[in-house]
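J.: model the following, please.
(chains A, B and C)
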Amino acid sequence: MSKKNSEYLIKGDKDKWEVVIGLEVHAQVISNSKLFSGSSTKFGANPNTQVSLVDSAFPGMLPVINKYCVEQAVKTGLGLNAKINLHSVFDRKNYFYADLPQGYQISQYKNPIVGEGKVVLDLPNGSKTIGIERLHLEQDAGKSIHDIDPNNTYVDLNRSGIALMEIVSKPDLRSLDEVNAYVKKLRSIMRYLETCDGNMQEGSLRADVNVSVRKLGEKKLGTRCEIKNVNSIKFMQMAIDYEAKRQVGLLEDGKSIDQETRLFDTKKNETRSMRSKEDAHDYRYFPDPDLLPLKIDQKLIDDIKKKLPELPDQKKDRFIKEYALTPYEANVLVSEKEISDYYEEVAKFSDKKLAATWIMGDLFALLNNKDLSIAESPVSAKNLGKLIKSIKSGEISGRIAKEVFEYMTQSGEDPKKIIESKGLKQQSDPKELEKIIKEILKKNQKNVEKYKSGKEKIFGFFVGEVMKISKGKANPQLVNEILKKLLKG
Amino acid sequence: MTDITKKSLAQIVKAIKGKEISSTEVTAAFIKNIEKSKKLNAFITTCSDEAMKNAKEFDKNQKLDSLLPGVPIAVKDLFCTKSIKTTAGSKMLENFIPTYESTITKNLWSEGAFLLGKLNCDEYAMGSSNETSFYGNVINPIADQTVPGGSSGGSASALVADLTPATIGTDTGGSIRQPASFTGTVGLKPTYGLCSRWGIVAFASSLDQAGPMTKTVEDCALMLEAMATFDKKDSTSIKKKKENYFKNLKDDIKGIKIGIPKEYRVDNMPKEIEILWENGKKILKDAGAKIVDISLNHTKYALPAYYIVAPAEASSNLARYDGIKYGHRSSKGSNLIEMYENTRSEGFGDEVKRRILIGTYVLSSGYYDAYYLKAQKVRKLIKEDFDESFKNVDAILTPSTPSSAFKIGEKKDDPISMYLNDIFTVPANLAGIPAISIPSGKDKKDFPLGLQLIGKPLDEQKLLNIALAIEKRSGFKQSLKRWWEN
Amino acid sequence: MSIDKDKIKHVAKLARISLDEKKTDSLTKDLSSIFKFIEKLNELNTKNIEPLTSILNEPLRSRTDEINDGKIKDQILENSPKKNEEFFIVPKVVD
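T.: As a prediction, the model looks like this:
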């Protein structure tokens, strides 16, 4: 489905408008314990069971940083081709909310751990580089639950203090497709690196979206609005679309855009302003005096770089070069580490091109149908590889292979066993085939005459009959060869 | 029988170790004094029953090879003590019972001591006279209706009234040293990072330090040795080899260079303070030290810088008091914001509110550079002044306070005049260096006056040695009639 | 720089402290004189001075990624003025 990446423009009453988008992605760091305390980070625990005195900000409690979280941030920075800052500072971001027990969030303001980087997107009409402004570490907040009690909010601090990486993009995105590709690419990189599981349903990946518009051709940036806490790509796209149109509407009416924070209402599919404009947050950032500046050794960075797994872009280049895949094929197969691992295992056993075709075709169709991830595939990589090997060796035809695949999806069995037990081996004995073909030609003299007189389409009829007699097992190539030979003479 | 409560900590420890007296007898004696001394209002919580129980336990199988075996000690109510109410002198924590023990108090208990009670203090350690406590003013035993200093006013008062053999306080801008000076006792603020801040109700994180408050320099060394440990739960805790301050204490200071900073000679400095200072110089010279004139150029900017940095950090540290997890919660307010505003308005006293507002202001948008950032730059200059001076001297001698103890209510209406109490003590906090106050003289009211020694980072041993030299030669004596007893 | 009542009200709102008129007036007075005092710092030219970032000359210490805390729900909720078996309970935010 390589549809053209058409320009995403808002057609106003008077002009065409370009949409300028920047994303602030919050990615929960994969680690056993929290950023500044030793509580567990596991998802789904009973309320307030993964909370320490530090997490709940009791008097006299102090933060101590988790070394592994720092390494995860460095790893991610390297995966984003970004500059790792050897000196960074933790700042307090001060505001009041029920799920923020300290009354401040420990974050990074002027001196983040990772600086500028870039991410390359593969779009249908070519690749595009999106700039990364920075990545910093910060604490996640707890959860406020509003719908258990009509009069009160219930607070669970399990999530309070879990490490987050905030990845800020430059305002380089211009369309909904690009946003989709960007989030998926970020997610893919972090999943490859195992620094974030990217699970948007569980909240390990969320985004704030910055949207502004400007007339097509205009160089200056418009006033932007921030849409907070959007937790699915679909909602991101809907929010951006609504917001961009809203802004265009205002501007064409001669009004101006208020720089503000908005929420996306998933029920009404519209963005609306967060209440209390007077309560504009003044975060009063200052360096956290309970923590010293973070110093990172160049050696640590080099060590981490050495141990980095092959990333999607490198893998894609390798697939194109070594496996002769098309950029499109390679792109699809590296989009998830699980898929590329699966593919390489299948390809190892059989044929690299066929493996790609089968995975992207039949396997993906199966998985989509049953709403399964590749990790849950009923057909194992090994078995798929065996199936493809059987096609390649001529043991079965491509057509029969589809039948065998069907059986495999139901039983998860080894294809060789299925071929045996169901007697699906391809009939490739030329003598046998000649016998069958001669019979058919004898029985269908009229059609032979028609063919010889020029009706070439009748060839298909003969092939069909051979398939019928052989129950589809006749080797199509040989059938063609022998038929041609016999029809000539 | 001699009154054991009049003895120093070291003497009591010696007596217990020598089996001349039991922990039970010692504890009972202090409890008796406490019960008679309610007028001083030094205690917020007494733990007499628990203390007696601990004393009896100790006496059953005496472990004598620790630093403070069987000694009952009362501590400032800023240290979280497990299962014992900890209020920080505030209504906000009126009924807060920690489920954990601060590292410092834990260290004392592992050296054989046990809790005698929680001592009154200025609310959240903000104050210089112990007049901001929700639990009422503390009276200085040297004279009725006199302030003991603050914020560790209850600690100093209890100490000098023989209600505890020794105690601990916290010092953010002088809260140990100033009350020590006002009560004629010894108070030490260690190098920043030497004593763990874990479990101490935080006021200003980059300035707070726990320290000993004792009757003698020897006692101070003993307490510091018990208190100072590396704590991995505190990211600002210094890792260093443990020192035997008590054992290595000696008053031999021959050849030691003492700096006299001219900027500490402030305008309108009372004659008595001048005399005290001169006297101190003489004592040290006679003991073999060399006196050197030095300059600490930025001294006069220390107090303004302090009153930007400390409130800024406090405004953030006190944001956690929101009525949700612990502490006071207002019954007024129909939504979250109203609950916050009423809770904090009801729970905090005036001085705390003042400082939170100052702190919030100096950090707010548009003011950060002009105030907070500027103050941190001034702080750098002040630290560099000290670093430079310490290339030529081993320690610096100054007065501890610009006056002796004043009357209750005398400075309450003018915050600035109250803040000026800290003028000599604040620089050491800003620079993170150790400083000690030793009683060395009296004014014409017969009120005690203290001399301050400021030292190099982690140079507490030398500081204590010099302090001992002063103590031995100053001739300071204080014997109070227990006028406050009922 | 003068501190006026409106600034005090704004700052009090940021700090989530409610003040009545009388309190606002007295605090305005107090803070005005305190700020006059701290503005003494303006006498100093600190253009090329680096701010103090930390008192200690040590790098930030870190800990290993082990789970050694939490699982103390009762202790965490024990001191709360309003809670149930599982949650802290607070009034709703007015949206």
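J.: report the longest helix in chain C, please.
T.: For chain C, the longest helix by residue count, based on DSSP state H, is helix C:21-38.
J.: is that helix in proximity to chain B?
T.: Yes. For a cut-off given as CB under 8 Å from any CB of the partner chain, helix C:21-38 has contacts with chain B, namely C:K23, C:L27, C:D30, C:L31, C:S33, C:I34, C:F35, C:F37, C:I38. Backbone N, C-alpha and C define where each C-beta goes, glycine included.
J.: just give me the closest of those residues to chain B.
T.: For the residues of helix C:21-38 next to chain B, the closest approach to chain B (CB to the nearest CB) belongs to C:I38, at 4.3 Å.
J.: if you skip the residues just before and after it, what's nearest to the closest one?
T.: Using CB to CB, 6 or more residues apart in numbering or on different chains and skipping residues adjacent in sequence, the residue nearest C:I38 is B:P304, 4.3 Å away.
J.: quick one: the host helix or strand of that neighbour to helix C:21-38, angle?
T.: Using DSSP states H and E, B:P304 falls within helix B:302-317. Relative orientation of helix B:302-317 versus helix C:21-38 (axes from the mean of the first three to the mean of the last three CA atoms, to 10 degrees): 140 degrees.
J.: check which helices and strands helix B:302-317 sits against.
T.: When contacts are defined as 3 or more CB pairs under 8 Å, 6 or more residues apart in numbering or on different chains; DSSP states H and E, helix B:302-317 packs onto strand A:91-94, helix B:350-363, helix B:374-389, helix B:426-431, helix C:21-38.
J.: check the ones you listed for me and report the most buried one.
T.: Each of the helices and strands packed on helix B:302-317 was assessed for mean neighbour count using mean count of other CB atoms under 10 Å in any protein chain shown. The highest is helix B:426-431, with a mean of 29.
J.: do that one and chain A meet?
T.: No. Helix B:426-431 is not in contact with chain A by CB under 8 Å from any CB; minimum separation 12.5 Å.
J.: could you tell me the average pLDDT over that helix, please?
T.: Here helix B:426-431 scores 97 as its mean pLDDT.
J.: and stretch B:59-77, by the same measure?
T.: Throughout stretch B:59-77, pLDDT has a mean value of 95.
J.: over to stretch B:242-258?
T.: Averaged across stretch B:242-258, pLDDT comes to 95.
J.: now stretch B:398-413
T.: 93.
J.: could I have the CA atoms of it written out in CSV?
T.: As requested, the backbone C-alpha atoms of stretch B:398-413 are provided in CSV (Å, rounded to 0.1, in the frame of the first residue of the first chain):
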residue,chain,number,x,y,z
THR,B,398,34.7,35.7,64.8
PRO,B,399,31.9,36.4,67.4
SER,B,400,29.0,34.0,67.1
THR,B,401,26.2,36.6,67.5
PRO,B,402,26.0,40.4,67.4
SER,B,403,24.5,40.5,70.9
SER,B,404,23.6,38.3,73.8
ALA,B,405,20.1,36.8,74.3
PHE,B,406,17.3,39.4,74.0
LYS,B,407,13.9,39.6,75.6
ILE,B,408,10.9,37.6,74.3
GLY,B,409,8.9,39.8,72.0
GLU,B,410,11.7,42.3,71.5
LYS,B,411,12.4,41.6,67.9
LYS,B,412,9.2,39.8,66.9
ASP,B,413,7.6,42.6,64.9
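J.: and the angle from the helix holding B:P304 to helix B:350-363?
T.: Angle, helix B:302-317 to helix B:350-363, by the same axes, to 10 degrees: 90 degrees.
J.: hang on, the residue nearest to C:I38 packs against C:E43?
T.: No. Assessed by CB atoms under 8 Å, B:P304 is found out of contact with C:E43, at 9.6 Å.
J.: who has more neighbours out of the two?
T.: The residue with more neighbours, out of B:P304 and C:E43, is B:P304; 25 against 9, by other CB atoms under 10 Å in any protein chain shown.
J.: now do the contacts for the more buried one.
T.: Taking CB atoms under 8 Å, 6 or more residues apart in numbering or on different chains as the criterion, B:P304 is in contact with B:A375, B:V378, C:F37, C:I38, C:E39, C:K40, C:L41.
J.: so how far is chain C from B:G153?
T.: Remark: distance between B:G153 and chain C (CB to the nearest CB, to the nearest Å) = 22 Å.
J.: quick check: closest non-adjacent residue to that residue.
T.: Nearest residue to B:G153 in three dimensions, chain neighbours excluded: B:N130, at 2.6 Å (CB to CB, 6+ apart).
J.: residues touching the one helix or strand B:A226 maps to, excluding its own?
T.: Assigning secondary structure by DSSP H and E places B:A226 in helix B:217-227. For helix B:217-227, the external contacting residues (CB under 8 Å, 6+ apart) are B:8-10, B:13, B:67-68, B:104, B:107-108, B:111, B:113, B:165-166, B:168, B:186-188, B:190, B:195, B:210-212, B:214, B:242-246, B:249, B:436, B:438, B:460, B:464, B:467-468, B:471.
J.: spatially central residue for the chain, please.
T.: Going with chain A. Nearest to the mean C-alpha position of chain A, by CA atoms, centre = their mean, lies A:K184 at 3.7 Å.
J.: look at chain B instead
T.: The centre of chain B sits closest to B:I176, judged by CA atoms, centre = their mean, with a distance of 2.1 Å.
J.: wait, what's in contact with it?
T.: Per CB under 8 Å, 6+ apart, neighbours of B:I176: B:S152, B:S155, B:G169, B:T170, B:G187, B:L188, B:K189, B:G211, B:M213, B:S437.
J.: isn't the first one right up against B:K76?
T.: This points to B:S152. Yes. Here B:S152 reaches B:K76: they are 5.3 Å apart, a contact under CB under 8 Å.
J.: common neighbours of those two, please.
T.: Listed as contacting both B:S152 and B:K76 by CB under 8 Å, 6+ apart are B:L119, B:C121, B:G169, B:T170.
J.: the last one: neighbour count?
T.: By that I understand B:T170. Here the count is done by other CB under 10 Å, and B:T170 has 27 residues near it.
J.: pretty sure it contacts B:A125?
T.: Yes. Using CB under 8 Å, B:T170 makes contact with B:A125 at a distance of 5.7 Å.
J.: circling back to that earlier point, among B:S152 and B:K76, which residue is more densely surrounded?
T.: Legend: neighbour count by other CB under 10 Å for B:S152 and B:K76, higher for B:S152 (38 against 32).
J.: OK, contacts around that one?
T.: Contacts for B:S152 (CB under 8 Å, 6+ apart) come out as B:K76, B:L119, B:C121, B:A125, B:G169, B:T170, B:D171, B:S175, B:I176, B:P179, B:G187, B:M213.
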